[in-house]
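# Predicted coordinates and the sequence they were generated for:
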Amino acid sequence: MKTILLLIDTIYTLRGGAERQILEFCKNIEKSKYRIIVGCLSDKDALLDTVGHHVAKTVSFGVRRIYSLFGVLQGLKFKRFLHQEKVDILVTYHFGSDIWGTIFGRLAHIPVIISNRRDAGFWRKRYHAWAYKAVNRWVTKIIAVSDAVKEVVMNQEHVARDKLEVIHNGIDERRFAIQTDTNAIKQALGLASSSKVVGCVGNIRPIKGHIYLVEAARDILKALNDTHFLFIGEDLSGESLHLRVNSFPLSKNIHFLGKRDDIPELLGIMDVCVLPSLSEGLSNTLLEYLAAGKPVVATDAGGNAEVIQNNVNGLLVKKADAKDLATKVLSLLQDSKKAQQLGVHAKECTRAHFSIGRMVKHYQTLFDGLMEEKNEYTLRKKVKFFAKAVLSACVYYSGVFAIIRFLKRNKPTVICYHRVVEDFCKEKQHSLPGILVSKDSFIKQIQFFKRYYRVISMEDFIESIEGKRKLPRYSLLVTFDDGYQDNYTIAYPLLRQFGFAATIFLATDFIDSGMSPEWEQESQNRKMLSWQEVTQMSKDSVYFGAHTQSHLLCPASHNERFRREIEESKKVIETRVNRKVEAFAWPKGAYIPEAIDYVKSAGYKCGFSLAQHRKPAPNFPLRQFAVERICVNEGMYRNQLSNFSMPIFACALLGFWRRK
């Protein structure tokens, strides 16, 4: 059983986003697999006891300022607490816990530290970003509640994409599966049973955009003067909104209900629900609207667009646009059929994509995966990683790298990629990790090439073999194997931006066929190139070579099918791109000397492997048909902190750290 500590700054209300999510998480996680402790930095809140009914233990540390001497002393107590409870995973919520918890969790050598980002950072100042950057190196994974938040974290904190995981908030639909007496509730609020009701749930703060709903209310009331607007939540604006409302002629139609515990019942009387926020991570209120099956009008802010499909399960409006908001709300009030359809789809969307069970399952999968990775990371591997990093740094910074590079200046370096992906952690679940490179790492590698190498084209390489051209010093040939679609969508634009040529070796049976290689797990997205994409790149700076038709491995002896695939793949590519194909890559780099005759007789000028050259036999053909390439993947250049290491990568290109 794994022990997990959830650490939050304070729990003063269960209406808060993180607080509500923690409660639902604790209710629904598998207690047989995980022992849950909930802690808060502040003094013990009464609501901590509410959460305590669902967990093994609750604890408070009485820290109000994490930077104070008292905060440091309590941090040392926290460190001892982590040891006593044998915590395996520390999960932090909000700034104070993210910084304080990570620092002392690191000192306690907690195996897995997970930090949460739950909003778009509207409150942050410069020192907040500095603090996050300082501790992120010790965080195992950062969870963002939406893709929008993920982008903010990447931009502001300069976090690698694969260190981030998006887990959307979940909602317990059962809370909203209730029968309400709408007439009785309306009567209790002083509303007529025939009145239209527009609701907005959330504490009143400037960032929540309530003022724009108030402004929109004026236009709506001109068309439907029996409409009433309910604002539910604590007023944290200093009553400035009340003063604005009191100046309206129909202020009696706008009601401030304050904090309420009967949200599901109040949602039952609402004809339209509104979320006018100027900034959002992923709104729990929005999920509550959908779970209640209500037609929703929300601003296109943060993660709202990841929940609302415009005109399918709700309507999206521009931020801070009272006119647009009024138009959309009014359209639903006047078209009950459309409003009802949106409400039905809203409920279906919640059940399919934002259930609490789905969220908890995602968390459990993440916990299990991270713990498995940590368990595999043995002492031997740590020593190996450390030695590799230290030796690489010595070679790179001492000048040895420059000397070896100078001695090899006239020998071209050839590298091989397979896939360049946006999210390494996500893709490695469906593909072989050994063929993946993240986009962030690829950009750093291209910048390295720009500084240290002269990137050449395949035409330049072939002409040098034929003696027609002398290659420049420090030549680098960039190749890709198999023909994955991300070669076009991700790698190609980046290479073009830097003015680099590249070669892609195609296994032609997979191009534009809807099929993927056998080592790829099934995926909803097409992974291989189309011939249209091949043709477009061929007209630019990308050369296409052959890789057989079906990625057939070189047999141990004569094989007619292998010879035929070598010839046919060449013909297919030449027909499609209308250019000669004179380069061949051995699938998985495997070849035998006898098979080179097939390649030569088919009309190729060169061939590329991935394995070390064998010692030539007397009848061994020219080495130009077994040119060795260095295979690049995400694991070959990372240090012990799982960050991209320029010294390790530089040494790998010189032939260090190569697996035999």
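Looks like it came in fine.
# separation between residue 138 and residue 92?
11 Å (Cβ to Cβ, to the nearest Å). Glycine gets a C-beta too; all of them are placed from N, C-alpha and C.
# My guess is residue 436 contacts residue 631. True?
No - between residue 436 and residue 631 there is no contact under Cβ atoms under 8 Å: 11.5 Å.
# Neighbour count for those two, which is higher?
Set residue 436 next to residue 631 and count neighbours by other Cβ atoms under 10 Å: residue 436 wins out with 25 against 20.
# wait, what's in contact with the more buried one?
418-419, 421, 424, 427-428, 633-634 (Cβ atoms under 8 Å, 6 or more residues apart in numbering).
# Please report which of those has the highest neighbour count.
Result: residue 419 is most packed of the contacts of residue 436 (other Cβ under 10 Å), 26 neighbours.
# Next, the contact list for the nearest residue to that one once chain neighbours are set aside, please.
Of all residues not flanking residue 419 in the chain, residue 484 sits nearest, at 4.8 Å (Cβ to Cβ, 6 or more residues apart in numbering). Counting by Cβ under 8 Å, 6+ apart, residue 484 touches 418-419, 527-529.
# What is the nearest of those to residue 324?
Using Cβ to Cβ, the shortest approach to residue 324 within the contacts of residue 484 belongs to residue 527, at 39.5 Å.
# pLDDT averaged over stretch 74-90 - what is it?
Averaging pLDDT along stretch 74-90 yields 94.
# So which residues make contact with it?
2-5, 7, 37, 57, 59, 61-63, 66, 100-105, 107-108, 110-114, 367, 370-371.
# Narrow those residues to just the buried residues.
Buried members of these, counted by 16 or more other Cβ atoms under 10 Å: 2-5, 7, 37, 59, 61, 63, 66, 100-105, 108, 110-114, 367, 370-371.
# helices and strands of this protein: which one bottoms out on pLDDT?
helix 46-52 (a mean of 65; mean pLDDT, DSSP states H and E).
# circling back to that earlier point, which ones among the contacts of stretch 74-90 are found in strands?
In this view, these that belong to strands under DSSP state E are 2-5, 7, 37, 57, 59, 112-114.
# tell me what the helix or strand that contains residue 382 is packed against?
Taking DSSP states H and E as the definition, residue 382 sits inside helix 379-398. Using 3 or more Cβ pairs under 8 Å, 6 or more residues apart in numbering; DSSP states H and E, the elements in contact with helix 379-398 are helix 400-407, helix 646-653.
# Against residue 200, how distant is residue 312?
Taken as Cβ to Cβ, the span from residue 312 to residue 200 is 22 Å.
# of those two, who's got more company?
residue 200 (25 against 13).
# what's the nearest residue to residue 260 if we skip its chain neighbours?
Excluding its sequence neighbours, the residue lying closest to residue 260 (Cβ to Cβ, 6+ apart) is residue 232, at 5.4 Å.
# So what pairs up with the one you found in the strands?
Beta-bridge partners for residue 232, by DSSP bridges, are residue 201, residue 258.
# Around it, count how many other residues there are.
With neighbours defined by other Cβ under 10 Å, the count for residue 232 comes to 23.
# looking at it, it is touching residue 204, isn't it?
No - between residue 232 and residue 204 there is no contact under Cβ under 8 Å: 9.6 Å.
# For stretch 188-197, the averaged confidence score.
93.
# Relative to the whole chain's centre, how far out is it?
Chain-centre distance of stretch 188-197: 45 Å, with Cα atoms, centre = their mean, to the nearest Å.
# and what of stretch 584-600?
That offset, for stretch 584-600, works out to 39 Å (Cα atoms, centre = their mean).
# Stretch 18-28 now?
Its chain's C-alpha centre and that of stretch 18-28 lie 23 Å apart, by Cα atoms, centre = their mean.
# Also stretch 394-403?
The answer for stretch 394-403 is 36 Å, by Cα atoms, centre = their mean.
# in it, what's buried?
Under the neighbour-count criterion of 16+ other Cβ under 10 Å, stretch 394-403 has 395-396, 401 buried.
# measure it end to end?
13 Å (Cα to Cα, to the nearest Å).
# quick one: contacts of it?
For stretch 394-403, the external contacting residues (Cβ under 8 Å, 6+ apart) are 404, 646-647, 650-651, 654, 656.
# Tabulate the residues you listed (JSON lines), appending pLDDT.
JSON lines is the format used below for the contacts of stretch 394-403 (pLDDT from 0 to 100):
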{"residue": "404", "pLDDT": "91"}
{"residue": "646", "pLDDT": "86"}
{"residue": "647", "pLDDT": "88"}
{"residue": "650", "pLDDT": "88"}
{"residue": "651", "pLDDT": "88"}
{"residue": "654", "pLDDT": "85"}
{"residue": "656", "pLDDT": "78"}
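# And these, which two are furthest apart?
Farthest pair in the contacts of stretch 394-403, by Cβ to Cβ: 404 and 646, 15.6 Å.
# one step back: quick one: which of the buried residues of stretch 394-403 is nearest residue 191?
residue 396 (72.8 Å).
# Quick check: the closest one vs residue 654, distance?
Distance from residue 396 to residue 654, counting by Cβ to Cβ: 10 Å.
# out of the helices and strands packed on helix 379-398, nearest to residue 237?
Closest approach to residue 237 among the helices and strands packed on helix 379-398 is made by helix 646-653 (49.6 Å; Cβ to Cβ).
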